[in-house]
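Enquirer: Sequence first, predicted model second:
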Amino acid sequence: MTPPLLSLCMIVKDEADQIEACLTSVHSVVDEIIIVDTGSTDGTQELCRKYGATVIEVPWEDSFSKARNIGLKAARGQWILWLDADERLETEDQEALRQAALSSKADALFLKLIHYQGQQIEAASLHLASRYAQIRLFRNKKGFQFVRDIHEVLQWPASLPNHRPIPLLPVRIYHFGYIEEVVTKKNKAQRNLKLLLRERENPDRDPWCDYHLASEFSRAQKWEHAFTLVNQALEGFLKKQQLPPSLLYKLKYEILFRHGSMRGTWPGIECAIRLYPDYVDLHFYKGVFLMEHGLYAEAIKSFERCLEIGENQWEHLSQFGMGSFHALHYLGRCMQRLGKKQEAHVYDQTSARLIRTYAYANAPATKGAMK
């Protein structure tokens, strides 16, 4: 018997207020839904079964990867699509997803993740969002597994070649897990800190642990602690003779930007840009540093480079606006300081217009996202 084409695999706990919005966005495009429930007491299991899901109930063992791998073992599909309950698949992209599963020769595929921020899901818009490509679709029974207890990642099987480029599908997933009402309701900060601090006790810890801790402290606006940790993460990768991932550099300079300590930017950011020359966020932070030091001509070049890169970059974790309205706003500030009021006005007006456009670009999946 030919196995089904697509299996959706998820892990959940007490997601009654979000699970239906997630499953509604995806159930018609997948052939099988495997839900690993780690102890829901709010009726999540029955809501999942309404969509024909197979629900596997297991105790929570402080490991996201362990729970995810249970779902992988149960899945029968040729391909695995994995989502979280606080995510939605763009309905307009469903056909592209299925066609890719039918025709792709690859072993794994990147999808486009849009991470929303702000106070409430109902107000989610691209004005407060970031983007990143992540492997969310991969072939089943090829040896893919999740590793790490928290902020789990998909491990590429040793038996498969990994030198071929991984295609990026024009398929969008909207992620609402960074929205304040979700973070507060789930008490995510406390949960994450508990697991990360436990992991950090291991002297041979993965440098990702320090990065994720830095992210938590940055969200809590504990800038100095976050800055120390992200530098330790960078050192950890270098000690392993590995190129630090680009998003570590983004976090480092974002911390300096938000803390108002741009003096710590130079000359490290030049090295980071040499490693990742098309990372728009790094060019933006470089421009801010140059502007704050009165180097307006050089700053203008950096912000113009941001506009050249634009908003369609998915290789790196990037904040919407760095290649458009944020860069335009800072170009206006440069012109203002140079006494070019007319040019400053034009940049500010264009930036404001784009901000309004992005602010009204609400995620199509937000309607009914939470009760």
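Expert: Looks like it came in fine.

Enquirer: So which elements touch the longest strand along the chain?
Expert: Counting by DSSP state E, the longest strand found in the chain is strand 129-139. Secondary-structure packing of strand 129-139 (3 or more Cβ pairs under 8 Å, 6 or more residues apart in numbering; DSSP states H and E): strand 79-82, helix 94-103, strand 108-116, strand 168-175, strand 318-319. For the C-beta atoms, the positions are set from N, CA and C on the backbone; glycine is no exception.

Enquirer: can we see that at 10 Å?
Expert: Strand 129-139 makes packing contacts with strand 79-82, helix 94-103, strand 108-116, strand 153-155, strand 168-175, helix 246-259, strand 318-319 when contacts are defined by 3 or more Cβ pairs under 10 Å, 6 or more residues apart in numbering; DSSP states H and E.

Enquirer: Would you indicate which residues of stretch 81-100 are buried?
Expert: Buried positions in stretch 81-100, judged by neighbour count with 16 or more other Cβ atoms under 10 Å: 81-90, 93-94, 96-98, 100.

Enquirer: Mind checking the pLDDT average for that stretch?
Expert: pLDDT averaged over stretch 81-100 equals 96, rounded to a whole number.

Enquirer: Likewise for stretch 192-210?
Expert: Taken as a whole, stretch 192-210 carries a mean pLDDT of 92.

Enquirer: Give me the number of neighbouring residues for Ser63.
Expert: 17 (other Cβ atoms under 10 Å).

Enquirer: Was I right to think it contacts His151?
Expert: No: the pair Ser63 and His151 does not pass the contact test of Cβ atoms under 10 Å, sitting 11.5 Å apart.

Enquirer: what do those two both touch?
Expert: Jointly contacting Ser63 and His151 under the rule Cβ atoms under 10 Å, 6 or more residues apart in numbering are Leu195.

Enquirer: Name the nearest residue to Leu251, sequence neighbours excluded.
Expert: Of all residues not flanking Leu251 in the chain, Val230 sits nearest, at 5.1 Å (Cβ to Cβ, 6 or more residues apart in numbering).

Enquirer: Show the pLDDT at that neighbour.
Expert: Reading off the per-residue confidence, Val230 sits at a pLDDT of 98.

Enquirer: One more: Lys367?
Expert: 45.

Enquirer: Same question for Lys13.
Expert: As summarised for this prediction, Lys13 has a pLDDT of 97.

Enquirer: which ones are touching it?
Expert: Lys13 makes contact with 36-42, 44, 60, 67, 85, 186, according to Cβ under 10 Å, 6+ apart.

Enquirer: go on, Gly177?
Expert: With contacts taken as Cβ under 10 Å, 6+ apart, Gly177 has the following neighbours: 18, 84-87, 115-116, 183, 186, 188.

Enquirer: for Tyr249, same thing?
Expert: 230, 234, 268-269, 271-273, 275-276, 279, 281-282, 285, 316.
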